[in-house]
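Chemist: This is a predicted model, with the sequence first.
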Amino acid sequence: LRVYEFNGSTWTENCAQKNIGTISNTAHAALSPNSVAIIDNNNSDLRNYQWSSPLLYVASNTDFPYLSVSDAGYTTAEALSVRTELRVGQSATSTAATSSPALIVSGKALFLSDTTVYGKIGIGTTSPNQSLTIFSSTTPSLEFSATSGDTNKWTLGIDTADQWKFKIASSSAVGTNTRFTIDGAGNIGIGTTSPAARLHVFNTASTPQFRIGYDKDFFADFQVDAGGDLTIGPSGTTSPSLFNSVRITDDNLFICSGACPSPDIGNGMIASAGNLIVENQVGIGTSTPNWKLQVAGVNTSNSTKAFLVLSDFSAGANLKHWFFSSQGGNLYVGTTTDGYATSTALTILNGGNIGIGTTSPFRLLSVAGTTTVGELHVQNNASSTTQTPDIDTLYRDSVPKAWVSFNCANGSIRGAFNVSSVTRTIAGDYTVNFTTAMRDTNYVAMLSGRAPIAGGQSNLFVEQHDSVTRTTTALRLYSLKVADETLSDCSIYNVVIFGH
């Protein structure tokens with residue numbers, strides 16, 4: 001036995017030679033720090049040979065050691081260094097691996113990697129592509145375990161029995177209790193091993209398949225039931241009866257404050273498909289609707305104003321659309337062209353004036369344009385039988401704007417239209433007061449009457465003289481004796497007013 005010590009450049013024999021070739025029936029040879037012990041049948045005592053560290057080198061006398069075992073010197077304490085290749089778990093005459101563990105590491109292990117294949121670790125392969133490559137022709141996998149047995153384990157790997165899909169399973173086998181799957185097309189399945197979309201979440205239980213949350217208390221749950229209907233539940237809605245706050249079927253969309261009703265067509269509530277059913281208010285342009293339907297906008301352009309449009313796309317050119325719009329406190333009703341240019345037909349101002357053919361009505365009802373009116377009555381008091389018109393609505397010149405027949409003795413009205421009262425100033429001097437003023441003072445007054453029976457008197461019925469200015473709200477009239485043209489009461493005075 002020759003023992004040499006390597007100092008980094010040369011080898012030096014550091015102890016006496018021992019011929020172990022002549023030792024018969026060697027019983028044991030052991031290495032201990034800085035020594036070799038040999039026991040044989042020819043020597044009953046223990047022969048111990050000791051030298052300085054390192055303990056053992058296997059190498060040529062000109063090369064760095066292929067194998068070194070030492071507790072000091074050129075290696076770390078109690079370390080084994082193999083320069084080229086270490087094979088564990090093979091017999092002396094075979095390179096086939098044994099079925100028992102070939103390498104067991106108790107404690108820490110450090111694997112140093114570089115950019116070459118020699119810095120990479122291969123399990124099941126001698127040609128690793130990555131820092132760690134696991135290869136197997138039958139489901140290569142990696143297991144994480146916290147206990148013995150099949151429970152409390154997670155396994156990830158490639159399922160070669162299922163189109164080489166990557167899977168994560170809560171078991172010791174990739175194909176058992178699969179929780180996560182990625183197929184070759186890049187589709188991801190949760191709860192299914194056959195994803196049909198980029199993300200396919202599957203669960204046949206009566207619980208949501210998907211949840212989006214801000215935190216544990218604020219979230220929205222999504223569930224698809226056995227009929228393919230999607231329901232969406234808000235935060236904290238755990239009761240199935242309250243889950244259907246939003247329900248989308250293949251026929252209708254429901255938005256409810258609590259549980260939505262049954263979505264089946266023909267249940268007495270829904271007669272057809274393609275409906276939007278909202279339980280409470282709908283807001284368009286506002287997040288705080290106060291009515292069943294509230295449309296809000298900004299009165300700056302047609303794209304931001306509040307418009308409600310009814311369209312009949314089967315109508316002719318530029319006849320398809322009628323709109324309702326609230327702008328500046330006023331309501332406008334009209335039509336649009338096919339290019340959505342608007343034309344107002346009816347205007348209701350915030351003060352109550354209504355305009356037909358005009359957007360600036362200055363009376364309760366103003367009509368602009370050519371019209372034929374036979375008789376038009378506007379009632380100003382729902383509890384009264386007196387009918388009074390707005391003069392601007394009576395555009396036919398032949399229609400009287402007002403008329404009255406009154407008793408001359410006291411001015412009491414016998415019958416009237418658009419006349420509120422008659423004032424008798426003195427005998428023969430009367431003022432007729434209009435309920436609704438004339439448009440201007442260019443109206444025509446037609447006067448007639450009946451003279452008193454006593455004395456055979458005849459009367460003239462005339463309008464005020466030029467010194468009295470005519471107004472749009474009243475007309476002053478006189479009754480004169482024919483004989484001397486002095487003021488004198490008649491019996492009955494009749495007045496009819498015509499104008500534009």
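Modeler: On my side now, so go ahead. Residues are numbered from 1 along each chain as shown.
Chemist: T347 touches G357, doesn't it?
Modeler: No - counting by C-beta atoms under 8 Å, T347 sits too far from G357 to count as a contact (9.0 Å). Any C-beta I mention is one placed from the backbone N, CA and C, and that applies to glycine too.
Chemist: Name all residues that make contact with the closest residue to L349 other than its chain neighbours.
Modeler: Ranked by C-beta to C-beta, 6 or more residues apart in numbering and with sequence neighbours excluded, the top spatial neighbour of L349 is N330, at 5.1 Å. Neighbouring residues of N330 by C-beta atoms under 8 Å, 6 or more residues apart in numbering: 347-350.
Chemist: and the closest residue to G227 other than its chain neighbours, how many neighbours?
Modeler: Nearest residue to G227 in three dimensions, chain neighbours excluded: T249, at 7.6 Å (C-beta to C-beta, 6+ apart). Residues lying near T249 (other C-beta atoms under 10 Å) number 21.
Chemist: Over to I123?
Modeler: A count of nearby residues for I123, using other C-beta under 10 Å, gives 12.
Chemist: Could you report the distance from the closest residue to it other than its chain neighbours to A161?
Modeler: Leaving aside its chain neighbours, I123 sits nearest to I134 (4.7 Å; criterion: C-beta to C-beta, 6+ apart). According to C-beta to C-beta, to the nearest Å, I134 stands 17 Å off from A161.
Chemist: Pick out whichever of the two has more residues nearby.
Modeler: A count of neighbours by other C-beta under 10 Å puts I134 above the other of I134 and A161, at 16 against 11.
Chemist: Identify the residue spatially nearest to T160, adjacent ones excluded.
Modeler: T139 (5.1 Å).
Chemist: Just to be sure, the one you found is in a helix?
Modeler: No - if the criterion is DSSP: H, G, I helix; E, B strand; the rest coil, then T139 is coil and not within a helix.
Chemist: dump the residue contacts of it.
Modeler: With C-beta under 8 Å, 6+ apart, T139 has these contacts: 157-161, 173-175.
Chemist: What's opposite the residue nearest to L349 in the beta bridge?
Modeler: Beta-bridge pairing for N330 (DSSP bridges): Q327.
Chemist: same question, T423
Modeler: In this entry, T423 is beta-bridged to T431, by DSSP bridges.
Chemist: Pull the number of nearby residues for it.
Modeler: 12.
Chemist: Would you agree H500 is in contact with T472?
Modeler: No - here H500 does not reach T472: they are 12.0 Å apart, not a contact under C-beta under 8 Å.
Chemist: intersection of neighbour lists for these two?
Modeler: Between them, H500 and T472 share the contacting residues 439-440, judged by C-beta under 8 Å, 6+ apart.
Chemist: that older thread, tell me the contacts of the residue nearest to I123?
Modeler: Contacts of I134 (C-beta under 8 Å, 6+ apart): 123-124, 140-142, 157.
Chemist: Please list only the buried members of these.
Modeler: 140-141, 157 (16 or more other C-beta atoms under 10 Å).
Chemist: Next, the buried residues of stretch 327-343.
Modeler: Quick answer for stretch 327-343 (16+ other C-beta under 10 Å): 330, 332, 334-336.
Chemist: and of those, the nearest to G428?
Modeler: N330 (48.8 Å; C-beta to C-beta).
Chemist: pLDDT score for the closest one?
Modeler: Looking at N330, its pLDDT reads 92.
Chemist: And N407, by the same measure?
Modeler: 95.
Chemist: ok, now the one 3 residues further on?
Modeler: N410 carries a pLDDT value of 94.
Chemist: Wait, the residue nearest to G227 touches D229, no?
Modeler: Yes - counting by C-beta under 8 Å, T249 touches D229, with 4.6 Å between them.
Chemist: thinking again about what came up before, among the contacts of T139, name the ones in helices.
Modeler: Within those, no residue falls in helices by DSSP state H.
Chemist: Could you export those as JSON lines, including pLDDT and distance to D221?
Modeler: Output for these, formatted as JSON lines (pLDDT from 0 to 100; distance: C-beta to C-beta, whole Å):
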{"residue": "G157", "pLDDT": "93", "distance to D221": "32"}
{"residue": "I158", "pLDDT": "94", "distance to D221": "33"}
{"residue": "D159", "pLDDT": "93", "distance to D221": "30"}
{"residue": "T160", "pLDDT": "91", "distance to D221": "36"}
{"residue": "A161", "pLDDT": "91", "distance to D221": "34"}
{"residue": "A173", "pLDDT": "88", "distance to D221": "32"}
{"residue": "V174", "pLDDT": "89", "distance to D221": "30"}
{"residue": "G175", "pLDDT": "87", "distance to D221": "30"}
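Chemist: Tell me the one among these nearest to N318.
Modeler: Using C-beta to C-beta, these come closest to N318 at D159, 64.8 Å.
Chemist: Please list all residues in contact with the closest residue to I453 other than its chain neighbours.
Modeler: In space, I453 comes closest to S491 once its chain neighbours are excluded; the distance is 7.4 Å by C-beta to C-beta, 6+ apart. S491 is in contact with 407-408, 449-453, counting by C-beta under 8 Å, 6+ apart.
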